[in-house]
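Participant: here you go, sequence then predicted model.
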Amino acid sequence: MSETPNPLGIIAGNRSLPLVLAKEARAQGIPRITAVAFEGETNPAITGLVDEIEWMRVGQLGKMIKALKNQGVKQCVMAGQLAPKSLFDVRPDLRGVAMLLRLKEKNAHTVFGAIADELIKDGIELISAVPWLKPVMPEGTFLIGRKLSEEQKFDVAFGLKQAKEISALEIGQSVVVKDGVVLAVEAFEGTDKCLARGGQLAGKHRGGVAVKVAKEGHDMRFDIPCVGPRTIETCLEHGVDVLAFEGGKTLLLDEDEVKALVGKNKFTLLSV
């Protein structure tokens, strides 16, 4: 009898990315997939896409690592966000408390890097999910929706420069601009609230231009930038008419639904 292969472990955050990853990994030949999931965060639909799953609270680091070990995981990936407020609302277990106390700066890179360090102590390597997600990461020229005006083209280029600057400072990865003015910068609140604030500041005539990037040297194990239907809906609701994302480094989730949303609204989605 052949040995059961080591599974790919998924640390499953919120929204649809963990589901997309599980489907893509399975389609690309991964025979066994397991997951750890978080109450109030992870989409329960993940249960039907993996062979084993264990549920827990955000912050139960010791329980998470024990679950992955019990599932026989040697390599795991992170997929999907956990709400930024979780850093303050979380009730960590002893191992989680010890990890957080060692961190002077708390941002995505330091927190997730520390989690990776804890995993490796128990023989579990945190790897990038990108090899399985390439089919949903548009590269090169991608544009759907309305043709950009000259003013919007300027704002996209301007916003790209500003977004790269703030990402290098570990502040965030998105900005909203209009007519060469920065209206909103993503920080602790996350992309959706940045889009909402920036769009509202664009005024009653709308016209906000949002740009989302990955920072230089971005560790794709931790946080792959994503755009999906909810992102588009937030833009449409709050006065953002253009969303540009960094090609080859951004996931486009539920593309058919995104195209339908863009197609029936005065909106532009493009890669830069």
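Facilitator: Right, received. Where do you want to start? Just so you know, these numbers come straight off a predicted model, no measurement behind them.

Participant: what about residue 217, how many neighbours?
Facilitator: Counted with other C-beta atoms under 10 Å, the neighbours of residue 217 add up to 7. Placement of C-beta: from N, CA and C, glycine included.

Participant: got the domain ranges for the chain?
Facilitator: What automatic domain parsing lists as the domains of the chain is 8-133, 137-271.

Participant: thought residue 173 was touching residue 213?
Facilitator: Yes: between residue 173 and residue 213 there is a contact under C-beta atoms under 8 Å: 5.6 Å.

Participant: who touches both of those two?
Facilitator: Shared contacts of residue 173 and residue 213 (C-beta atoms under 8 Å, 6 or more residues apart in numbering): 163, 167, 225.

Participant: okay, now residue 231: neighbour count?
Facilitator: Residues near residue 231, counting by other C-beta under 10 Å: 25.

Participant: wait, it sits on residue 195?
Facilitator: Yes: the pair residue 231 / residue 195 is scored as a contact, 7.3 Å apart, by C-beta under 8 Å.

Participant: what do these two both touch?
Facilitator: By C-beta under 8 Å, 6+ apart, no residue touches both residue 231 and residue 195.

Participant: pull the residues that contact stretch 252-271.
Facilitator: In contact with stretch 252-271 (C-beta under 8 Å, 6+ apart) are residues 15-17, 20, 136-148, 152, 156, 226-229, 232-233, 235-236, 241-248, 250.

Participant: gap between the two ends of that stretch?
Facilitator: 10 Å (C-alpha to C-alpha, to the nearest Å).

Participant: report the distance from that stretch to the chain centre.
Facilitator: Here stretch 252-271 is found 18 Å from its chain centre; the criterion is C-alpha atoms, centre = their mean, to the nearest Å.
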